[in-house]
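1. no sequence on this one, just coordinates:
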């Protein structure tokens, strides 16, 4: 008997390798995603704590402000010694010296800081007061005062120290208004009745003129033009360093002899005011007093500028 064999149908699973999905596949993917996000956040935090370095190409157009060197205390002390020596050497005189380093607005006062008759140095105040009224639309430079334009009066008053023009301009400004204006800009010691003030207030006036806060640039330039090549260049202008530029107004009245100036040298403007009174400043006393002011100014300028 022929043996019959059953047709054997093997199980498909026994012939094929069954592919199984890895267990926890979704969890692993989530874990990788969390790690990536954490790394990204960490990098951002690290960058935020690092110092910012500017692109040199972007900074090429930026110019840094130059550092302004301050005048040392040793320099001021040296100047004080020089002034003190002259005060001691001239007991018959009252000597006041006031300086302002314009760039740092540093003011220093030496000697006899009392009230002096300002003489013609306060003509700068009159000019500034009138020019301020021009700025405010109350006056004009070409208006006639006693048959002469206001501008011509200012020129004659400052450059030639003309007293008639001074009186005309004081009347045009108003004496009360002149004193009020002086006090409004900080010249508290100024009294119009006696034309008196302290040297430091004359220095304050010239500092404001020099730094551009007194009057407009156009009017400043005009006033400055009258404060050069004046009818008296014997004192401070005679001893300034070569290459320096000076604008000044002198004053002389009986026993008073003064010079008030703005000096620009090494691009460092300095206000220097020297007031003196005591013995007569006219006649033979003029040369002696002028020599004293020259000596003071020259020594002060040498000390001041050699340290810059």
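-> It's in. Computed from a prediction, not measured in an experiment: that's the story for all the values here.
2. need the helices for the stretch 1-150 of the chain, in chain order.
-> 12-15, 25-49, 56-59, 73-89, 123-135, 150-159 (DSSP state H, counting those that start in this stretch).
3. got it, and the stretch 151-300 of the chain?
-> For the stretch 151-300 of the chain, applying DSSP H, counting those that start in this stretch gives helices covering 163-173, 175-184, 199-211, 217-226, 284-306.
4. same for the fourth one, what does it pack against?
-> For helix 217-226, the helices and strands in contact under the criterion 3 or more Cβ pairs under 8 Å, 6 or more residues apart in numbering; DSSP states H and E are helix 123-135, helix 150-159, helix 199-211. Quick note: C-beta positions are derived from backbone N, CA and C, even for glycine.
5. what is the mean pLDDT for that helix?
-> For helix 217-226, mean pLDDT rounds to 98.
6. what residues of it count as buried?
-> Under the neighbour-count criterion of 16 or more other Cβ atoms under 10 Å, helix 217-226 has 219-220, 222-223, 226 buried.
7. the first one now?
-> The neighbour-count check on helix 163-173 (16+ other Cβ under 10 Å) flags 165-166, 168-170, 172-173 as buried.
8. between it and helix 123-135, how many degrees?
-> Calculated by axes from the mean of the first three to the mean of the last three Cα atoms, to 10 degrees, helix 163-173 forms an angle of 40 degrees with helix 123-135.
9. nearest spatial neighbour of residue 166, skipping sequence neighbours?
-> In this structure, residue 166 finds its nearest non-sequential neighbour in residue 157, 4.8 Å apart by Cβ to Cβ, 6 or more residues apart in numbering.
10. swap that for residue 185, please
-> residue 208 is the one closest to residue 185 (Cβ to Cβ, 6+ apart), at 6.2 Å.
11. ditto for residue 110
-> residue 83 (4.0 Å).
12. per-residue pLDDT, residue 64?
-> What the model reports as pLDDT for residue 64 is 64.
13. and residue 307, by the same measure?
-> 81.
14. name the nearest residue to residue 106, ignoring sequence neighbours.
-> Per Cβ to Cβ, 6+ apart, closest to residue 106 is residue 71, 6.4 Å.
15. show me the contacts for the residue lying closest to residue 293 once chain neighbours are set aside.
-> Spatial nearest neighbour of residue 293, excluding adjacent residues (Cβ to Cβ, 6+ apart): residue 235 at 4.6 Å. If you count contacts by Cβ atoms under 8 Å, 6 or more residues apart in numbering, residue 235 has them with 250, 257, 259, 274, 290, 293-294, 297.
16. dump these into JSON lines; add distance to residue 215 as well.
-> What follows is those, written out as JSON lines (distance: Cβ to Cβ, whole Å):
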{"residue": "250", "distance to residue 215": "21"}
{"residue": "257", "distance to residue 215": "27"}
{"residue": "259", "distance to residue 215": "22"}
{"residue": "274", "distance to residue 215": "24"}
{"residue": "290", "distance to residue 215": "30"}
{"residue": "293", "distance to residue 215": "27"}
{"residue": "294", "distance to residue 215": "30"}
{"residue": "297", "distance to residue 215": "26"}
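17. out of the residues you listed, which comes closest to residue 131?
-> residue 250 (20.4 Å; Cβ to Cβ).
18. the closest one contacts residue 232, doesn't it?
-> Yes. Using Cβ atoms under 8 Å, residue 250 is in contact with residue 232, at 4.7 Å.
19. for the residue nearest to residue 258 when sequence neighbours are not counted, give me its contacts.
-> Among residues not flanking residue 258 along the chain, residue 251 sits closest, at 4.2 Å (Cβ to Cβ, 6+ apart). Counting by Cβ under 8 Å, 6+ apart, residue 251 touches 118-122, 257-260.
20. okay, residue 250 and residue 232: which has more neighbours?
-> More crowded of residue 250 and residue 232, by other Cβ atoms under 10 Å: residue 250, with 25 against 16.
21. quick one: that one from residue 39, how far?
-> Separation of residue 250 from residue 39 (Cβ to Cβ, to the nearest Å): 79 Å.
22. do the same with residue 198
-> For residue 198, the distance to residue 39 (Cβ to Cβ) stands at 73 Å.
23. who has more neighbours out of these two?
-> Neighbour count, other Cβ under 10 Å: between residue 198 and residue 39, residue 198 has more, with 23 against 10.
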